[in-house]
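Enquirer: Based on what follows, work out the 3D shape:
(one chain, ligands or ions: 1)
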Amino acid sequence: MANSYRKGEGKPDVLNRCSRREPPVSIAALDPAITAATPLAWSPPPEMLALAEGEIHVWRAWLDGLSGCSRRFAPTLAPDELARAERFRFTRDKMRFVAGRGLLRLILSRYLGVPAERIVFDYGPRWKPRLGSASGRDLLHFNLAHSDGLAVYAMTRVGEVGIDLERVRRVSESKQIASYFFSERECAQWRSLPACLQTEAFFNCWTRKEACLKANGEGITESLKQVEVSLIPREPAQLLCLAGDPRAAANWLLQALTPALGYVGALAARLEHSK
Ligand SMILES: CC(C)(COP(=O)(O)OP(=O)(O)OC[C@H]1O[C@@H](n2cnc3c(N)ncnc32)[C@H](O)[C@@H]1OP(=O)(O)O)[C@@H](O)C(=O)NCCC(=O)NCCS
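Expert: The predicted structure is shown next:
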């Protein structure tokens with residue numbers, strides 16, 4: 001059902017362990033209403049969710065299919081989340097936010113064994129959400145990302161986790177963005193690729209960097225250049241260097257994800273046992 005990493009086993013290469021027909025991550029189809037609303041269902045999760053010590057579970061959900069469920073999700077949201085939902089100008093964005101946070105609460109509630117509305121979030125200095133101490137901060141790390149109606153969630157106890165996804169699309173300013181945010185090595189590798197691979201490689205690079213920075217709670221900053229990653233399509237995701245230190249990568253897990261056709265994603269975790 002999900003990706004897993006066990007302490008002492010070395011870093012996993014989960015994609016190699018999955019057959020091509022079996023997606024490496026699982027769908028957040030938690031009840032029949034959500035299953036019916038989800039066009040590309042992956043394997044549904046078991047009724048009882050257990051997150052073993054060394055595992056990372058990754059979920060995905062189509063938020064537009066779920067937005068009809070917002071009447072059900074809205075009552076589980078905290079006042080600050082509802083206020084944020086109200087600030088969206090377009091109904092679709094508001095619905096996606098409510099569905100995204102509602103699902104986050106629903107997934108967390110299954111792991112923590114508490115009702116979704118009782119989960120309390122607090123926020124890091126750059127707004128990374130985490131569990132408030134009363135909700136079991138020490139028990140579970142999580143992160144989420146959304147792009148164009150698709151959301152992914154990562155849940156783990158191995159350490160701080162970050163996840164990112166993007167719909168692969170033509171970016172007219174990709175050259176300028178690459179020269180501003182990619183390292184010299186990344187830029188050179190990206191430019192050397194045939195044009196037909198450059199768009200996917202661009203998003204590989206972007207999502208891998210962003211996943212690492214989201215694990216740290218930083219988000220997109222000038223530090224993007226400091227996180228050097230592999231980017232060539234169909235080659236393994238690798239963190240090559242962090243703030244000029246290639247050895248720092250040994251403390252991290254970086255995994256490429258294919259959340260759906262036409263999307264690329266990345267999962268990054270800082271492995272606490274190696275601190
Ligand atoms: C985190 C960040 C990279 C997300 O960028 P994005 O591509 O628009 O969004 P993504 O889909 O990847 O991720 C969004 C989710 O990441 C989480 N998130 C927010 N800030 C985060 C951070 N600093 N670190 C990790 N995760 C974060 C949230 O759960 C958010 O979803 P939600 O609020 O809808 O629940 C970007 O918001 C950022 O750089 N933030 C830090 C900079 C900052 O302080 N911005 C001011 C915000 S007011």
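
Enquirer: And for the closest residue to residue 221 other than its chain neighbours, the neighbour number?
Expert: Nearest-residue entry for residue 221: residue 213, 6.9 Å, with adjacent residues in sequence omitted and distances by C-beta to C-beta, 6 or more residues apart in numbering. (Glycine included, C-beta is placed from N, CA and C.) As a burial measure, residue 213 scores 22 neighbours (other C-beta atoms under 10 Å).

Enquirer: For residue 226, see how far away residue 213 is.
Expert: 9 Å (C-beta to C-beta, to the nearest Å).

Enquirer: residue contacts, the residue of the chain found nearest the ligand?
Expert: Residue nearest to the ligand within the chain: residue 219 (2.5 Å; C-beta to the nearest ligand atom). The contact partners of residue 219, taken as C-beta atoms under 8 Å, 6 or more residues apart in numbering, are 126-128, 210, 213.

Enquirer: and the ligand, which of the residues you listed reach it?
Expert: The overlap between the contacts of residue 219 and the neighbours of the ligand (C-beta under 6 Å from any ligand atom) comes to 126-128, 210.

Enquirer: Specify the beta-bridge partners of the residue nearest to the spatial centre of the chain.
Expert: Centroid-nearest residue in the chain: residue 163, 2.3 Å away (criterion: C-alpha atoms, centre = their mean). Beta-bridge partners for residue 163, by DSSP bridges, are residue 267.

Enquirer: repeat for residue 167
Expert: Beta-bridge partners of residue 167, as defined by DSSP bridges: residue 263.

Enquirer: In three-state terms, label the residue nearest to residue 221 for me.
Expert: helix (DSSP: H, G, I helix; E, B strand; the rest coil).

Enquirer: do residue 155 as well
Expert: Per three-state DSSP, residue 155 ends up strand.

Enquirer: Does it touch residue 103 like I think?
Expert: No - Residue 155 is beyond contact range of residue 103, at 12.0 Å (criterion: C-beta atoms under 8 Å).

Enquirer: any common contacting residues for the two?
Expert: With C-beta under 8 Å, 6+ apart, residue 155 and residue 103 have no common neighbours.

Enquirer: Just give the closest residue to residue 96, not the sequence neighbours.
Expert: Per C-beta to C-beta, 6+ apart, closest to residue 96 is residue 63, 4.4 Å.

Enquirer: Surely residue 178 and residue 187 touch.
Expert: Yes - Residue 178 lies in contact with residue 187 (C-beta under 8 Å); the separation is 5.5 Å.

Enquirer: Those two: who's more crowded?
Expert: The neighbour comparison of residue 178 against residue 187 (other C-beta under 10 Å) goes to residue 178, with 21 against 17.

Enquirer: burial measure for residue 264, as a count.
Expert: With other C-beta under 10 Å as criterion, residue 264 counts 27.

Enquirer: Spatially, what comes nearest to it if we skip its sequence neighbours?
Expert: Per C-beta to C-beta, 6+ apart, closest to residue 264 is residue 203, 4.8 Å.

Enquirer: From residue 101, how far off is that neighbour?
Expert: Residue 203 is 25 Å from residue 101, by C-beta to C-beta.

Enquirer: try residue 233
Expert: 32 Å.

Enquirer: pLDDT score assigned to the residue nearest to residue 96?
Expert: Confidence at residue 63, expressed as pLDDT, is 88.

Enquirer: do residue 149 as well
Expert: Taking residue 149 on its own, its pLDDT is 89.

Enquirer: Report how many residues lie close to it.
Expert: Neighbours of residue 149 (other C-beta under 10 Å): 18.

Enquirer: Please verify my assumption that it contacts residue 62.
Expert: Yes - counting by C-beta under 8 Å, residue 149 does reach residue 62; the two are 6.0 Å apart.

Enquirer: got the contact list for residue 126?
Expert: Counting by C-beta under 8 Å, 6+ apart, residue 126 makes contact with 217-219.

Enquirer: Check for me that it belongs to a strand.
Expert: No - with three-state DSSP as the criterion, residue 126 is assigned coil and is not in a strand.

Enquirer: So which residues on the protein come close to the ligand?
Expert: 97, 100-101, 126-129, 143-146, 162, 164, 210, 214, 217, 219-220.

Enquirer: Now restrict the residues you listed to buried residues only.
Expert: Among the residues of the chain next to the ligand, those classed as buried by 16 or more other C-beta atoms under 10 Å are 97, 100-101, 128-129, 143-146, 162, 164, 210, 214, 217.
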